[in-house]
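Student: Whatever this is, show me its structure:
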Amino acid sequence: MKQYFDDHPRDFLAVATPGAGKTTFALSVAAELLGRRLVDRITVVAPTEHLKLQWAEAAARAGIPIDPTYSAGKGKTSGDFVGVAVTYAGVAVNPLAMRIRTERFKTLVILDEVHHAGDALSWGEGIREAFEPASRRLALTGTPFRSDINPIPFVSYAPGDDGVPRSVADYTYGYAHALADHVVRPVLFMAYSGEMQWRTRAGDEIAARLGEPLTKDLTNQALRTALDPGGAWIPSVLAAADKRLSEVRRHVPDAGGLVIATDQDSARAYAKILRGISGEPATVVLSDEKAASKRISEFSGNDRRWMVAVRMVSEGVDVPRLAVGVYATTTSTPLFFAQAVGRFVRARNRGETASVFLPSVPNLLGFASEMEVERDHVLGRKVKDEGDIFAAEDQLMAEANAGDAASDDLLGSFEAMGSEARFDRVLYDGGEFGHAGEVHVGSEEEMDFLGIPGLLEPDQVRELLHSRQSERAKKQKAASAAKPEPDTVAQVSAHEQLAVLRRELNGLVAAWYHRTGQAHGITHAALRKECGGPAAAVATAEQLHARIDRIRDWATRKTS
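Tutor: Numbers count the residues shown, from 1 in each chain. Below you'll find the model as predicted:
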């Protein structure tokens, strides 16, 4: 607030982590500007219809009456209102009408989640035309921005070190800062792997372990197999998440959980599974239903355990009691991931923690370990790599939200044949815990982490995780010492031996990442280059042993 009124900018970009209170900041600015008579009217631009209502409710609590039913074709609104709330799509339909309204009054325009103004050229052009005459423009967004070729209106850009223009924020409040201020909750990421089997369109049957180095296509197919409600992976993870929710509710009685699903069919199936697990119905939120906003509001105010929804609750929706999440969607971009996790981090009382369950796939694990990374909007590069939003993926999600089945040509026809889940690791504060060989779902080792108390300070979470990691290592050492000599051990199958070696290799690669910052995929590629052989998923025991010895040699040389 102080910086804003010291500078008196016409345009101001505030970049703040989800859950940090962007709405409160914006409405405080609006109230002060109205009080000083620097503006006469407020226009809020939000991504969705639900968020228009949420803004109107928040503004009413701040003493600013806003009409969330206004549309550009409507013309006037009641004299009881000092502002309106519209969507980006609504502005793009009739930007001239919004421009006329903006010109008539000294107007403050609040652009919520302003990165949406770069989603489509027509949206950006509409926003620029409609609000160019505004007296003040306050743009809000959470991190990370994405990379594309559409500049966001009213945002300043400056060349980066590589000469590519990047957005320049007037104020940035990242997750690390907000966590230190106790504005957001610490997040525990519970990662689950497991064996997957599926049949391709060509009739080939494939088996792979979720979390092992795979090609992009195989990773996507393994992920879709895991999320198939007919397999064992998703029911096992939902059961684990429900156990975690029960533990949290011992300390936070109204704590709720949210499952983010890929499409409506999956959402309904997950809700049915949860009812069998928890003994109570889950609230299902589907974006094309008129009652969707009402259901979210009702869930926010009651004490029911679970809500299941498709993409619509990933951004801006405020349900402060959400404390446990299940990331059960194939959407895997840094922007969507940050927005989804943002649903669980808003702090109400000091000591509350958030837990997010997710599949052990490399990009999601990378996003989880980089929660504190702040990113800018980058211009001059088309959306094309794995870290960005895929246009095709956005199209698939739009079809999913509309209830349409995605085409086989886009998704790649396949049949999920079976899956099983294993607890893999916990990611917290950039570190990994529990990753010393996967454990069975429902085991004591898993409960060591699921049973973490629901009220802990961030440093207490860190200390407890280190303690449980140390206890687990001692148990494994004792168990190993008690084993008979190799010549008396029953012969293990080649499949089991390969699985053990792959887990050992992946653990060493993960440790190397934390020592050097080198991405897992780059390390695996370097090992293959030096030792030869195919990807780890199809490598022989001899090849895996060679890579294990080589990375251990790297670690020894680096230490010395």
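
Student: how about the helices in the stretch 351-500 of the chain?
Tutor: 362-369, 391-401, 408-411, 444-450, 458-481, 494-516 (DSSP state H, counting those that start in this stretch).

Student: Distance from the first one to the middle of the chain?
Tutor: The reference is to helix 362-369. 10 Å (Cα atoms, centre = their mean, to the nearest Å).

Student: CA atoms only for that helix - export them in CSV, please.
Tutor: The C-alpha trace of helix 362-369 is given here as CSV (Å, rounded to 0.1, in the frame of the first residue of the first chain):
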residue,chain,number,x,y,z
PRO,A,362,9.5,-35.8,-13.4
ASN,A,363,7.9,-32.5,-14.3
LEU,A,364,5.5,-32.5,-11.3
LEU,A,365,8.2,-33.4,-8.9
GLY,A,366,10.3,-30.6,-10.4
PHE,A,367,7.5,-28.0,-9.9
ALA,A,368,7.0,-29.2,-6.3
SER,A,369,10.7,-28.8,-5.6
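
Student: Tell me the helices and strands packed up against it.
Tutor: Contact partners of helix 362-369 among helices and strands, from 3 or more Cβ pairs under 8 Å, 6 or more residues apart in numbering; DSSP states H and E: strand 187-200, helix 334-341, strand 354-359, strand 422-428. For glycine as for every other residue, the C-beta is placed from the backbone atoms N, C-alpha and C.

Student: Go again with 7 Å.
Tutor: With contacts taken as 3 or more Cβ pairs under 7 Å, 6 or more residues apart in numbering; DSSP states H and E, helix 362-369 sits against helix 334-341, strand 422-428.

Student: For that helix, what does the pLDDT average out to?
Tutor: This predicted structure assigns helix 362-369 an average pLDDT of 86.

Student: wait, isn't residue 110 in contact with residue 25?
Tutor: No: Residue 110 is not in contact with residue 25 according to Cβ atoms under 7 Å; the separation is 10.1 Å.

Student: Which one of these two is surrounded by more residues?
Tutor: Here residue 110 and residue 25 are compared on neighbour count by other Cβ atoms under 10 Å; more neighbours surround residue 110, at 26 against 18.

Student: Can you classify that one as helix, strand or coil?
Tutor: Taking DSSP: H, G, I helix; E, B strand; the rest coil as the rule, one finds residue 110 in the strand state.

Student: what's near enough to touch it?
Tutor: When contacts are counted by Cβ atoms under 7 Å, 6 or more residues apart in numbering, residue 110 touches 26, 30, 42, 44-45, 138, 140.

Student: By neighbours, which of those wins?
Tutor: Neighbour counts for the contacts of residue 110 (other Cβ under 10 Å) peak at residue 45, which has 30 neighbours.

Student: Without its sequence neighbours, what residue ends up closest to it?
Tutor: In this structure, residue 45 finds its nearest non-sequential neighbour in residue 111, 5.1 Å apart by Cβ to Cβ, 6 or more residues apart in numbering.

Student: where do the strands sit along the stretch 101-250 of the chain?
Tutor: For the stretch 101-250 of the chain, the strands defined by DSSP state E, counting those that start in this stretch cover 107-111, 136-141, 157-159, 165-167, 171-173, 187-200, 205-210.

Student: and the angle from the first one to strand 136-141?
Tutor: Spelled out, it's strand 107-111. 10 degrees (axes from the mean of the first three to the mean of the last three Cα atoms, to 10 degrees).

Student: So which bits of strand 107-111 are buried?
Tutor: 107-111 (16 or more other Cβ atoms under 10 Å).

Student: nearest residue to residue 452 other than its sequence neighbours?
Tutor: Counting by Cβ to Cβ, 6+ apart, residue 452 lies nearest to residue 464, which is 6.1 Å off, once chain neighbours are set aside.

Student: separation between the one you found and residue 180?
Tutor: From residue 464 across to residue 180, the span is 19 Å (Cβ to Cβ, to the nearest Å).

Student: So for the two, which sits in the more crowded spot?
Tutor: Using other Cβ under 10 Å, the more surrounded residue of residue 464 and residue 180 is residue 464, with 17 against 11.

Student: any weak-confidence spans in the stretch 151-300 of the chain?
Tutor: 287-288 (pLDDT under 70).

Student: now the helices for the stretch 1-150 of the chain?
Tutor: With helices called from DSSP H, counting those that start in this stretch, the stretch 1-150 of the chain shows them at 2-7, 22-35, 49-61, 88-93, 95-104, 121-131.

Student: Show me what the longest one is packed up against.
Tutor: Using 3+ Cβ pairs under 7 Å, 6+ apart, the elements in contact with helix 22-35 are strand 11-16, helix 49-61, strand 107-111, strand 136-141.

Student: Distance to residue 307 added to the ones you listed, as CSV?
Tutor: As requested, the helices and strands packed on helix 22-35 are exported to CSV (distance: least, Cβ to Cβ, whole Å):
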stretch, distance to residue 307
strand 11-16, 25
helix 49-61, 13
strand 107-111, 27
strand 136-141, 25
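
Student: Good, we can wrap up now.
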